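Asker: Okay, structure incoming, though there's no sequence with it:
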C-alpha cells in the first residue's frame, strides 16, 4: 500500500507543470491526447507516481468539466445512453483507482513505461477510426451494450492510469456503436468526467492529491483548453504529435 504524501510543492514544480498543462489543454482541444502531456509533466516535475496520477486527476477533471458542459449546452449528449454508461464508468473507475493505490511505486513506474507508449500509439494513430457522419443515435441493445462495456473497461483504465481515455472511448463508440465522431466525443466526455471525478474522490480520500499544484495546473489547463476550443486552426494537428513526442522523450530521459 502507498503512503500518504508529505511532499510540499516547490517553485520548480509549478514552473515545469503549469506550462505543460496549458499546452495539454490546448492540444487536447485541438486533437485529443492532452493526458499524454499532463501526466508525464507531473512525473518530470518530480512527483511520486501515485501523487502524479492523483494530482493529474484534479487538473483534468476541471478541463473535462468545461468541455462536457459545452457539449451539454449544445444538445449533443444523449442522456438515455449516458445514464447506464455513467453507472458502469463509476464502478470501473473505482476499481481501477483502488488497484492503482495498492500497486507499489516501483512496479507502478514499470507499468507506466509499458502503458504510456501504447496509449500514445492509439492517440496518435488517426487510421483506427473514421467519422460515420450521422449524429442520430440508434438506441438499441447493441448501442447500450457497447456503451456500458466501454464505460466499464475504459473507466477502469482511467481510474488506474488515464491518458488516452477519451480517445479510446471515441474509438469504441465510432467503431462498435457506429456513432459520428462528434456524437461519440460528447458521450465520451460525460463518461470521462464521471471516471475522473470517481477516481479523484478515491485519491482525495487516500490523501494523494497535491492540491496547490493541482489547482494551479487546472487553471492553466482550462485556459489552454478554452483557447484551443475557440481557435480555428487547420494546422493545429501539426503541433499535437511533436508536443506529445517531446514530453514522452523528456519522461524517458528522466526514467533513464
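Answerer: Okay, I see it. Only a predicted model underlies this, so the values are computations on that prediction, with no experimental measurement involved.
Asker: can you count the residues close to residue 184?
Answerer: 27 (other Cβ atoms under 10 Å). Every C-beta, even on glycine, is put in place using the N, C-alpha and C of the backbone.
Asker: do the same with residue 60
Answerer: When neighbours are defined as other Cβ under 10 Å, residue 60 has 32 of them.
Asker: Not including adjacent chain positions, what is the nearest residue to it?
Answerer: residue 196 (5.7 Å; Cβ to Cβ, 6 or more residues apart in numbering).
Asker: distance of the one you found from residue 155?
Answerer: Distance, residue 196 to residue 155, using Cβ to Cβ, to the nearest Å: 10 Å.
Asker: now residue 43
Answerer: For residue 43 relative to residue 155 (Cβ to Cβ), the value is 23 Å.
Asker: And those two? Which one has more around it.
Answerer: Shown here are residue 43 and residue 155; by other Cβ under 10 Å, residue 155 has more neighbours (31 against 22).
Asker: For that one, which non-adjacent residue is spatially closest?
Answerer: residue 92 (3.2 Å).
Asker: need the contact list for the residue nearest to residue 60.
Answerer: Going by Cβ atoms under 8 Å, 6 or more residues apart in numbering, residue 196 touches 57, 60, 61, 64, 93, 158.
Asker: Can I get those in TSV including distance to residue 16 and pLDDT?
Answerer: Below are the contacts of residue 196 laid out as TSV (distance: Cβ to Cβ, whole Å; pLDDT from 0 to 100):
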residue	distance to residue 16	pLDDT
57	18	93
60	17	88
61	21	90
64	22	84
93	27	96
158	24	91
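Asker: Check the gap between the residue nearest to residue 99 when sequence neighbours are not counted and residue 27 for me.
Answerer: Closest residue in space to residue 99, ignoring its immediate chain neighbours: residue 160 at 5.5 Å, by Cβ to Cβ, 6+ apart. Using Cβ to Cβ, we find residue 160 at a distance of 22 Å from residue 27.
Asker: Which one's more surrounded, those two?
Answerer: residue 27 (28 against 22).
Asker: okay, and the common contacts of residue 196 and residue 155?
Answerer: residue 93.
Asker: so how far is residue 185 from residue 171?
Answerer: 11 Å.
Asker: which residues are in contact with both of the two?
Answerer: Common contacts of residue 171 and residue 185 (Cβ under 8 Å, 6+ apart): none found.
Asker: Contact partners for the residue nearest to residue 99?
Answerer: In this structure, residue 160 makes contact with 96, 97, 99, 100, judged by Cβ under 8 Å, 6+ apart.
Asker: Residue 190 versus residue 176, what's the distance?
Answerer: Applying Cβ to Cβ, the value for residue 176 to residue 190 is 17 Å.
Asker: More neighbours: which of the two?
Answerer: Regarding residue 176 and residue 190, a neighbour count based on other Cβ under 10 Å identifies residue 190 as having more, with 25 against 16.
Asker: Go ahead and list the helix or strand containing the more buried one.
Answerer: Taking DSSP states H and E as the definition, residue 190 sits inside helix 181-205.
Asker: which SS class is residue 47?
Answerer: coil (DSSP: H, G, I helix; E, B strand; the rest coil).
Asker: give me the number of residues near it?
Answerer: 25.
Asker: And the one 3 residues further on, by the same measure?
Answerer: A total of 20 residues lie near residue 50 under the criterion other Cβ under 10 Å.
Asker: Could you number the chain from 22 rather than 1 from now on?
Answerer: All set: I'll call the first residue 22, so the last point we hit is now residue 71.
Asker: going on from whichever strand or helix holds it, what's the next piece of helix or strand?
Answerer: Using DSSP H and E, residue 71 falls within helix 70-94. Using DSSP H and E, the helix or strand that follows helix 70-94 towards the C-terminus is helix 100-123.
Asker: That following helix - contacts with which helices or strands?
Answerer: In terms of contacts (3 or more Cβ pairs under 8 Å, 6 or more residues apart in numbering; DSSP states H and E), helix 100-123 is packed against helix 70-94, helix 162-181, helix 202-226.
Asker: Quick check: which ranges of this structure have low pLDDT?
Answerer: Within the chain, the ranges that satisfy pLDDT under 70 run 22-27, 51-53, 144-158, 250-269, 271-277.
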